[in-house]
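Asker: need a structure here:
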Amino acid sequence: MDRHGDKRYLQAASLLPPRLRRWAEGLPPAEQARAEELRLRAGRPMTAVLPSGEAPLSGGEPVEPEELGLVLEIATKASAHTALEKLRHGFFTVEGG
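Answerer: Got it, this is the predicted structure:
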C-alpha cells in the first residue's frame, strides 16, 4: 500500500464539505492509496479515478451545485478569483497535488 497516496487522498478529502467527505472516506484504504483524483460534477455522482477506471463514491446521489461552491471556497481559502484560470480548464489542483 502506498502510504503517501493514502495521505494525499485524505488531504484532498479534507477539503470537501461534510457529506462529500463522508463519501470520499468510504473508499477502502487500499483504493484511497491508488486514487489519482476525485471527480465532482454538479448533478452527477462523485467518483474517484483509479488506475482501473472511475469508482462511484456517492451511492448514486448527485453532487449539488452548492457543494461545488463550498469545495472551491474551502480549497482556495475563500480566494476563488485566484483559481479562475485553472477552473476555465475544468479542474483545480490543490496544494500537494
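
Asker: could you use CA atoms for every contact and neighbour count after this?
Answerer: Fine.

Asker: pretty sure residue 49 is touching residue 32, no?
Answerer: No - between residue 49 and residue 32 there is no contact, the gap being 9.8 Å when judged by CA atoms under 8 Å.

Asker: and the strands in the chain?
Answerer: In the chain, the strands defined using DSSP state E lie at 37-39, 47-50, 53-56.

Asker: tell me the most buried of these?
Answerer: strand 47-50 (a mean of 20; mean count of other CA atoms under 10 Å).

Asker: so which residues make contact with that strand?
Answerer: Here strand 47-50 makes contact (CA atoms under 8 Å, 6 or more residues apart in numbering) with 24, 31, 34-40, 54-58.

Asker: ok, so of the residues you listed, who is nearest residue 17?
Answerer: Checking these against residue 17 with CA to CA, the nearest one is residue 24 at 10.5 Å.

Asker: give me the number of residues near the closest one?
Answerer: Look at residue 24: counted by other CA atoms under 10 Å, it has 24 neighbours.

Asker: which stretches of this protein have low pLDDT?
Answerer: Along the chain, the model assigns pLDDT under 70 to residues 1-5, 77-97.

Asker: ok, now which ones touch the spatially most central residue of it?
Answerer: When CA atoms, centre = their mean is applied to the chain, the residue found nearest the centroid is residue 38 (3.6 Å). Going by CA under 8 Å, 6+ apart, residue 38 touches 46, 47, 48, 49.

Asker: alright, that wraps it up for me.
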